[in-house]
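Enquirer: Curious how this folds, go ahead:
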Amino acid sequence: MMTQRMAGFELFTRRLLATALVISPTLGASAEESRGYDQISLSTSTETQVPRDILIANLYARSEGPSLEAGTAEVNRAITVALETVRKTAEVSVQTQEYQTEPSYQNQKPSGWVVQQGIRLESRQPERLARLLGELQKTLKLGGIDYAVAPETRKSAEDRLISEGLKAFQTRAERVTHDLGRNRYRIIKIEVGSNPPPFRSGRPMLRAMSAEAASAPQIEAGETTLSMTIQGTIELQPN
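Expert: Model (predicted):
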């Protein structure tokens, strides 16, 4: 009986060793493939000019005096009139901003209150918004003008850059493959990334201009550069 058990255990051991011998070459091949022989990292960059087609303006009403009630009434009145004026202008959106009240001091003693509230205007019609700003500056102060790229404008430009970037990546990959004496390659990894347009603000210019309350500011949004980077890894194939 003991002899039969030993024979069975020996047979099981032989089968297990045979299985291990079959599996181990496969594991060895996977480890060798993971070392990344003949893999090359490449990158290409494309760029284009896109218009700043959204104009953003920030204005505010401010009152400083001994009475908090009088200050809030003055600011509320100015903002209410401004909102009514903006709503009469087509293709200009408006949003109220933070309402602030804080005490003012003179000789380190409370002397009154400062009340302030702002509004944010946005439009794709720069000339129309410029005329509106000239009107609003009669009662509000102009805090600054910013320029932005509309989402659909950016998406359209990014789609074109992606196509151009992938073609450039393919051309570079083919060049590297050929120069290294190979005929074929395969893409191991590829990443696509865009760089947002740099922020541009018109605040310094507008602080000097805001003294002319009824004057419409001169606005020239211009263009900005949008770039797209393609990064990836290729693996050269045997001839």
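Enquirer: pretty sure Thr153 is touching Thr48, no?
Expert: No: in this structure Thr153 lies outside contact range of Thr48 using Cβ atoms under 8 Å: 11.0 Å. For every residue, glycine as well, the C-beta is placed using N, CA and C.
Enquirer: Looking at those two, which one has more neighbours?
Expert: The residue with more neighbours, out of Thr153 and Thr48, is Thr153; 17 against 14, by other Cβ atoms under 10 Å.
Enquirer: give the contact list for the more buried one.
Expert: 50-51, 53 (Cβ atoms under 8 Å, 6 or more residues apart in numbering).
Enquirer: backbone phi and psi for it, please?
Expert: Backbone torsions for Thr153, taken as degrees, to the nearest 10, come to phi -70, psi -40.
Enquirer: Against Asp159, how distant is it?
Expert: 11 Å (Cβ to Cβ, to the nearest Å).
Enquirer: quick one on the thing from earlier: what about the contacts of Thr153, which are in strands?
Expert: Of these, the ones assigned to strands by DSSP state E are 50-51.
Enquirer: Name the nearest of the contacts of Thr153 relative to Arg77.
Expert: Taking Cβ to Cβ as the measure, Arg77 lies nearest Asp53 of the contacts of Thr153, at 33.9 Å.
Enquirer: Surely that closest one and Glu122 touch.
Expert: No: counting by Cβ under 8 Å, Asp53 does not reach Glu122; the two are 11.3 Å apart.
Enquirer: Distance check, the nearest residue to Ala90 once chain neighbours are set aside against Glu135.
Expert: Spatial nearest neighbour of Ala90, chain neighbours left out: Arg128 (7.7 Å); criterion: Cβ to Cβ, 6 or more residues apart in numbering. From Arg128 across to Glu135, the span is 11 Å (Cβ to Cβ).
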